[in-house]
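1. got a predicted structure here, sequence first:
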Amino acid sequence: MIIRPVKTGVQEETMNRVSRRACLATLGGAAAAASLPSFARAQNRTGADAPTILPPDPNTKTPAYKAPAGAVDAHTHIFGPGSKYPYAASRSYTPPDAPLEMFEALHAKIGIERAVLVNATVHGLDNRVITDAIAQSNGRYKGIANVDDTITDKELQALTDAGMKGCRFTFLGRLGGRPDMTKFHRIVDRIKAYGWHVDLYLEPEIIEEFVPILRALPLPYVIDHMGTVKASGGLEQKPFVALVELMRTDEKGWIKITGPERLSVAGSPFHDAVPFAQALIAAAPDRCLWGTDWPHPNVKVMPNDGVLVDLIPLYAPDVAQQHRLLVDNPVRLFGFSS
Ligand SMILES: [Zn+2]
């Protein structure tokens with residue numbers, strides 16, 4: 001199935017109707033399930049197994065921007081296939097399968113060599129989808145795991161040996177709300193010995209509250225998707241001002257220049273997200289990371305990954321800064337070979 005943002009003819013109009021149906025499906029419920037989009041049928045994923053979120057745009061544009069050798073996509077996911085890596089019963093959404101082969105084809109198209117695979121919440125505490133992908137990557141992939149405080153030291157060591165460099169906590173209502181902070185601190189204290197960092201998906205509403213918590217963390221932390229502030233709130237909105245100041249002053253803090261489609265209110269090519277990226281890069285030029293966030297779970301507007309690559313020279317017009325963003329910074333944080 002094809003989803004295009006621009007209506008240019010009858011065929012696209014039909015596709016947009018399909019897209020709207022898919023959007024309805026993300027809202028859940030029996031009525032939506034009755035109008036299953038074609039991508040679910042194509043993947044043989046129907047009934048209770050049917051995806052509830054949009055698939056990635058399969059028609060990736062070839063970007064005009066050529067990334068430097070060794071560039072790292074620091075935030076991306078692999079979904080299943082569910083037949084091999086079953087989705088967790090506790091998941092808050094069901095993704096379309098977006099397996100490793102599909103991801104590798106995407107990276108070949110956009111000219112990116114290396115990646116950090118962030119295990120998505122839909123895979124629960126089963127990290128095999130990521131460790132298997134790392135194992136076949138000849139050092140080109142690292143991972144971010146999902147763990148809880150029942151994990152043993154032996155399991156933590158095994159995940160470290162498999163290429164995991166950190167674990168993720170989501171604080172979003174739709175992904176289950178904020179974790180038990182006692183458990184959060186217990187895990188943080190344990191993973192430090194393995195050289196891990198924490199990856200944090202925060203809503204803008206809690207950024208100011210979290211600033212002192214983050215400053216006191218005993219290890220590096222990474223904030224996803226530029227804090228997911230809305231571009232319509234402007235650069236002076238309080239959560240963004242707090243985030244920029246935190247990144248400027250805390251050497252442990254890292255920021256992912258990802259998810260412009262989550263910030264943007266203007267839509268593709270998401271140029272209204274560019275000033276936010278520029279402000280964060282200026283605040284922490286040596287602690288910013290770029291990524292696609294493919295296959296873009298739970299977005300309202302599905303971005304084209306070629307469009308996302310072409311935002312890089314807008315975020316960082318200077319070639320030396322592009323190299324820091326795409327190569328030097330992720331190499332240092334994730335321990336890729338330089
Ligand atoms: Zn993501």
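-> That came through fine. Residues are numbered from 1 along each chain as shown.
2. hmm, I312 is touching G291, no?
-> No. I312 is not in contact with G291 according to CB atoms under 8 Å; the separation is 10.8 Å. (Glycine included, C-beta is placed from N, CA and C.)
3. compare neighbour counts for those two and give me the winner.
-> Using other CB atoms under 10 Å, the more surrounded residue of I312 and G291 is G291, with 23 against 20.
4. so the more buried one makes contact with V116?
-> Yes. Counting by CB under 8 Å, G291 touches V116, with 7.2 Å between them.
5. find residues that contact each of the two.
-> Common contacts of G291 and V116, defined by CB atoms under 8 Å, 6 or more residues apart in numbering, comprise 72-76.
6. dump these into TSV; add pLDDT as well.
-> Below are the shared contacts of G291 and V116 laid out as TSV (pLDDT from 0 to 100):
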residue	pLDDT
V72	98
D73	98
A74	98
H75	98
T76	98
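7. any chance of TSV for these, columns secondary structure and neighbour count?
-> Formatted as TSV, the shared contacts of G291 and V116 follow (DSSP: H, G, I helix; E, B strand; the rest coil; neighbours: other CB atoms under 10 Å):
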residue	secondary structure	neighbour count
V72	strand	28
D73	strand	29
A74	strand	29
H75	strand	26
T76	strand	25
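8. just these now: which is nearest A242?
-> H75 (21.6 Å; CB to CB).
9. please report how far that closest one lies from A133.
-> Plainly put, H75 is 14 Å away from A133 if you go by CB to CB, to the nearest Å.
10. go on, H271?
-> Between H271 and A133 the distance is 32 Å, computed by CB to CB.
11. what are the structural domain limits within this structure?
-> The chain breaks down into these domains under automatic domain parsing: 10-49, 72-334.
12. name the element T62 belongs to?
-> Using DSSP states H and E, T62 falls within no helix or strand.
13. give me the neighbour count for it.
-> Neighbourhood size, T62 [other CB under 10 Å]: 10.
14. over to P96?
-> P96: 26 neighbours (other CB under 10 Å).
15. surely it and R45 touch.
-> Yes. If you go by CB under 8 Å, P96 and R45 touch, sitting 7.0 Å apart.
16. give me the common contacts of these two.
-> In contact with both P96 and R45: P51, using CB under 8 Å, 6+ apart.
17. re the thing from before, which of H271 and A133 has more residues huddled nearby?
-> Here H271 and A133 are set side by side on neighbour count (other CB under 10 Å), and the busier one is A133, at 20 against 14.
18. quick check, V211 in a strand?
-> No. V211: not assigned to a strand; according to DSSP: H, G, I helix; E, B strand; the rest coil it is helix.
19. list phi and psi for R248.
-> Main-chain torsions, R248, degrees, to the nearest 10: phi -70, psi -30.
20. repeat that for I207.
-> When read as degrees, to the nearest 10, the backbone of I207 gives phi -60, psi -50.
21. relative to D148, how far out is it?
-> To D148, I207 is 24 Å away according to CB to CB.
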